[in-house]
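>>> output the structure for:
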Amino acid sequence: MTVQTNGAGAASPAAGSDSLPDRYKWTALSNTTLGIFMAALDSSIVLISLPAIFRGIHLDPLQPANIGYLLWMLMGYLVVTAVLVVTFGRLGDIFGRVRMYNSGFAVFSGASLALSLCPFTGAKGALWLIGWRVVQGIGGALLMANSTAILTDAFPATERGMAMGINMVAAIAGSFIGLVAGGILAAVDWRAVFWINVPIGLFGTVWAYLKLREVGMTTKAHIDWWGNLTFGVGLVMILIGLTYGLLPHGHHNMGWTGPWVLFELLGGLSVLAVFGWIETKVPDPMFNLDLFKIRAFWTGNMASLLSSIGRGGLQFMLIIWLQGIWLPLHGYSFENTPLWAGIYMLPLTFGFLVAGPVSGWLSDRHGARPFATGGMLVAALSFLLLSFLPANFSFPIFGSLLLLNGIGMGLFAAPNTTGIMNSLPARQRGVGSGMRATFMNAGMVLSIGLFFSLMVLGLAASLPHSMSTNLQANGVAPATAAKVANLPPVGSLFSAFLGYNPMEKLLGSASAAHVTPAQWATITGKKFFPNLISGPFMKGLRITLIASLVMSLIAGWASWMRGAKYVHDESGGGADSGAAGVPAGSADGTNTPAPVGAFGAPAANDADPGQAPEPEQWVPA
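Just a heads-up that it's a prediction; the model follows:
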């Protein structure tokens, strides 16, 4: 049974997952799945529609003065959600998770409507879109922080893996459906990519307000203002530093040595250190650091962070591989590559759709460890095999490896999330879910910075010479060719990613390049840039694939270290300890659980909890 407590520890019964009507859990699953699908759909639909959006507001995102607008449209939503999910999770623990979740649906829908009604063009239009994307990120953070906790409250421990599997499938399906839908809708009207969320959001908001109800544990507590402030400031500084580190600085191809980037990264780490100190001193911390004493919690989050780093930026690299090299070589125009890249990456989605629900259902019976660990090993194998492909690959082989990667990620996601949520005390599920989402979203931002940096390093070593030689061979003056070839390669990557012809962006026009129409047609044709970049690109890509392989193997190790199946039991004596829990089952084999201490260690009623046993000593369900 779930209980509701006040700050002094007084408890009163509240509806728990074991006393709910059976239909309510399916209502909660359906609505939260819709919310997560909508949030994931929006993140990718905007990504693939950026060229149409910037054309719609009459702004060239690749001009030096406008590159900041591009970065914030790309990364702003991720940064906001990564920063706020912990805060909103904690507020859900205090004021009610359903209340916070419902607010998220409403905020997200309102922001989508405002985005579709953008009244400006140029820089003002870009600022309008970025501002409302930030508001949309606030709504997304409210949804992400509390949806997993709502599911954990609604479903018994024996069914949570299945529920998480369906929820995770909705998230990954939304992200890849968005790639296809964005390409289709953007061809009609760039505003349509935001309109699509409005009816979905309005329906979901009304449905949530009418059908969802508070069934979990809430705890009256003071808001930790200093903790929220230092956590938000520290994480924002780090994520902004990671974002602007992608831009060139001075004579360097990237900005990691720039004073402001260093200040943001080092300053952010310092502020987060202050946050950790504050959380040990305040009576009602935003995040209970004692949760990291739960082995299933910290190992699961470590695995989640590493898997996010391993797959996040690599998705960008695979899209650039398709859009900048493979699709043009196979006759697709650069303008159409964003849509077709989404279509050709569908095997990744299919793998996840197959493996996600199945692994979640099996983890309810056998625990998270074998499936989450096995999933990371399968993903690592797919990264290794992808590294052997040539630039102009055979699609059946490429598609099979994407399918294998999707299966690996699907095997991992739902069991790992279920293992994390099962380990949490009921009154900490909101903030614990928020911390899980923070690790995942921060890993995505970190991954993008890491992989773009590795790719640029690989390109900078050989691309300038290759580009200068080929441009001169096609009539471009040596001085112009050398100038263009020595521009930071990140510009060419962004051009290919956004569906622009990189050579047109670099040279401008035939008259500016002082070449004949025939030479210009060759330089801006479908084969010149792919053949030019394929060698240097594949060197950089193989570095990023090996990095993903290493991250996946470490994530697999962390997942294995979580131990046997573990479910926190609120009926035991450790329920009020914040980080306590018990393995599934009671100590004496009766229906009444024996008093327990930290991690299920047996304890007399008047004894100290003592030290936690190793996971191998926990009793499986």
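>>> show me where the stretch 201-350 of the chain has its strands.
Using DSSP state E, counting those that start in this stretch, the stretch 201-350 of the chain contains no strands.
>>> the residue nearest the centre of the chain: which element?
Closest residue to the average C-alpha location of the chain: residue 441 at 4.0 Å, with C-alpha atoms, centre = their mean. Taking DSSP states H and E as the definition, residue 441 sits inside helix 429-473.
>>> show the subsequent helix or strand relative to that helix.
helix 478-485.
>>> against residue 171, how distant is the residue nearest to the centre of the chain?
Distance of residue 441 to residue 171, given as C-beta to C-beta, to the nearest Å: 12 Å. Quick note: C-beta positions are derived from backbone N, CA and C, even for glycine.
>>> what of residue 337?
Distance of residue 337 to residue 171, given as C-beta to C-beta: 25 Å.
>>> of those two, who's got more company?
Using other C-beta atoms under 10 Å as the criterion, residue 337 and residue 171 rank with residue 337 on top: 26 against 20.
>>> correct me if wrong: residue 179 contacts residue 344.
No - counting by C-beta atoms under 8 Å, residue 179 stays clear of residue 344, with 9.9 Å between them.
>>> look at these two and report which has more neighbours.
residue 179 (26 against 23).
>>> sec struct for that one, please.
helix (DSSP: H, G, I helix; E, B strand; the rest coil).
>>> now do the contacts for it.
Under the criterion of C-beta atoms under 8 Å, 6 or more residues apart in numbering, the contact list for residue 179 reads 44-45, 47-48, 338-339, 341-343, 345.
>>> and it, how far is that from residue 338?
The separation that residue 179 has from residue 338, given C-beta to C-beta, amounts to 8 Å.
>>> any residues in contact with both of these two?
Residues touching both residue 179 and residue 338 by C-beta under 8 Å, 6+ apart: residue 48.
>>> buried sites along stretch 323-335?
By neighbour count on 16 or more other C-beta atoms under 10 Å, the buried set for stretch 323-335 is 323-329, 332, 334.
>>> now the helix or strand hosting residue 170: buried residues?
Assigned by DSSP H and E, residue 170 falls within helix 160-188. For helix 160-188, the neighbour count (16+ other C-beta under 10 Å) marks 160-183, 185-186 as buried.
>>> before we move on, the earlier item: may I see the buried residues of stretch 323-335 organised as TSV, with pLDDT added?
TSV is the format used below for the buried residues of stretch 323-335 (pLDDT from 0 to 100):
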residue	pLDDT
323	87
324	87
325	91
326	95
327	93
328	92
329	92
332	90
334	83
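>>> for the residues you listed, which one is nearest residue 197?
residue 323 (24.8 Å; C-beta to C-beta).
>>> any idea how far the nearest residue to that closest one once chain neighbours are set aside lies from residue 188?
In space, and not counting its chain neighbours, residue 323 is closest to residue 337: 3.9 Å by C-beta to C-beta, 6 or more residues apart in numbering. Residue 337 sits 18 Å away from residue 188, going by C-beta to C-beta.
>>> what segments of the stretch 451-600 of the chain are helices?
Counting by DSSP state H, counting those that start in this stretch, the stretch 451-600 of the chain has helices at residues 478-485, 490-498, 502-507, 510-513, 517-523, 528-560.
>>> tell me the mean pLDDT over the helix holding residue 441?
Taken as a whole, helix 429-473 has a mean pLDDT of 83.
>>> kindly calculate the angle that that helix makes with helix 478-485.
Orientation note: helix 429-473 sits at an angle of 170 degrees relative to helix 478-485 (axes from the mean of the first three to the mean of the last three C-alpha atoms, to 10 degrees).
>>> centre of the chain to helix 429-473, how far?
Distance, stretch centre to chain centre, for helix 429-473: 14 Å (C-alpha atoms, centre = their mean, to the nearest Å).
>>> what does the helix or strand harbouring residue 358 contact?
Using DSSP H and E, residue 358 sits in helix 346-366. Helix 346-366 has contacts (C-beta under 8 Å, 6+ apart) with 157-166, 168-169, 172-173, 176-177, 180, 371-372, 375, 399-400, 402-415, 418-419, 565.
>>> any idea how far it is from the chain center?
18 Å.
>>> which parts of the following helix or strand past it are buried?
As assigned by DSSP H and E, the chain's next helix or strand after helix 346-366 is helix 369-386. Residues 369-383, 385-386 are the ones in helix 369-386 that count as buried (16+ other C-beta under 10 Å).
>>> CA atoms of helix 369-386 as PDB?
Once non-C-alpha atoms are left out, helix 369-386 reads as follows in PDB (Å, rounded to 0.1, in the frame of the first residue of the first chain):
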ATOM      1  CA  ARG A 369      20.200  -7.200 -15.200                       C
ATOM      2  CA  PRO A 370      20.300  -9.900 -18.000                       C
ATOM      3  CA  PHE A 371      18.300  -7.800 -20.500                       C
ATOM      4  CA  ALA A 372      19.800  -4.400 -19.900                       C
ATOM      5  CA  THR A 373      23.400  -5.800 -19.900                       C
ATOM      6  CA  GLY A 374      22.700  -8.000 -22.900                       C
ATOM      7  CA  GLY A 375      21.200  -5.000 -24.700                       C
ATOM      8  CA  MET A 376      24.300  -2.900 -24.300                       C
ATOM      9  CA  LEU A 377      26.500  -5.800 -25.500                       C
ATOM     10  CA  VAL A 378      24.300  -6.200 -28.600                       C
ATOM     11  CA  ALA A 379      24.500  -2.400 -29.200                       C
ATOM     12  CA  ALA A 380      28.300  -2.600 -28.800                       C
ATOM     13  CA  LEU A 381      28.500  -5.300 -31.400                       C
ATOM     14  CA  SER A 382      26.400  -3.200 -33.900                       C
ATOM     15  CA  PHE A 383      28.800  -0.300 -33.400                       C
ATOM     16  CA  LEU A 384      31.800  -2.500 -34.100                       C
ATOM     17  CA  LEU A 385      30.200  -3.900 -37.300                       C
ATOM     18  CA  LEU A 386      29.200  -0.500 -38.500                       C
END
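>>> next one: the next helix or strand after that helix to chain centre, how far?
Following helix 369-386 in sequence order, the next helix or strand is helix 395-422 (DSSP H and E). Its chain's C-alpha centre and that of helix 395-422 lie 14 Å apart, by C-alpha atoms, centre = their mean.
>>> likewise for stretch 91-108?
20 Å.
>>> and that stretch, average pLDDT?
On average, stretch 91-108 scores 90.
>>> now swap in stretch 477-491 and tell me
Stretch 477-491 carries an average pLDDT of 84.
>>> can you list contacts of it?
Stretch 477-491 is contacted from outside by 62, 246-248, 253-254, 452, 456, 459-460, 463-465, 467-468, 471-472, 476, 502, 505-507, 513-514, using C-beta under 8 Å, 6+ apart.
>>> do you know how far residue 555 is from residue 308?
Distance, residue 555 to residue 308, by C-beta to C-beta: 9 Å.
>>> who has more neighbours, these two?
Applying other C-beta under 10 Å to residue 555 and residue 308 shows that residue 555 carries more neighbours, namely 30 against 21.
>>> quick one, what contacts the closest residue in space to residue 280 that isn't next to it in sequence?
Nearest in space to residue 280, with sequence neighbours left out and distances taken as C-beta to C-beta, 6+ apart, is residue 289 at 6.6 Å. Applying C-beta under 8 Å, 6+ apart to residue 289 gives the contacts 276, 279-280.
>>> Three-state assignment for residue 60, please.
Secondary structure for residue 60, judged by three-state DSSP, is coil.
>>> isn't residue 374 up against residue 407?
No - applying C-beta under 8 Å as the test, residue 374 and residue 407 come out as separate, 10.0 Å apart.
>>> pLDDT on stretch 223-236, on average?
The average pLDDT for stretch 223-236 rounds to 86.
>>> kindly export that stretch (C-alpha atoms) in PDB.
This file holds the C-alpha atoms of stretch 223-236, laid out as PDB (Å, rounded to 0.1, in the frame of the first residue of the first chain):
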ATOM      1  CA  ILE A 223      11.200  24.000  -1.400                       C
ATOM      2  CA  ASP A 224      14.900  23.900  -1.500                       C
ATOM      3  CA  TRP A 225      15.400  27.200  -3.300                       C
ATOM      4  CA  TRP A 226      19.200  27.300  -3.000                       C
ATOM      5  CA  GLY A 227      19.500  23.700  -4.200                       C
ATOM      6  CA  ASN A 228      17.300  24.400  -7.200                       C
ATOM      7  CA  LEU A 229      19.200  27.600  -8.000                       C
ATOM      8  CA  THR A 230      22.700  26.100  -7.800                       C
ATOM      9  CA  PHE A 231      21.700  23.000  -9.700                       C
ATOM     10  CA  GLY A 232      20.000  24.900 -12.500                       C
ATOM     11  CA  VAL A 233      22.800  27.500 -12.800                       C
ATOM     12  CA  GLY A 234      25.500  24.800 -12.800                       C
ATOM     13  CA  LEU A 235      23.900  22.500 -15.300                       C
ATOM     14  CA  VAL A 236      22.900  25.400 -17.600                       C
END
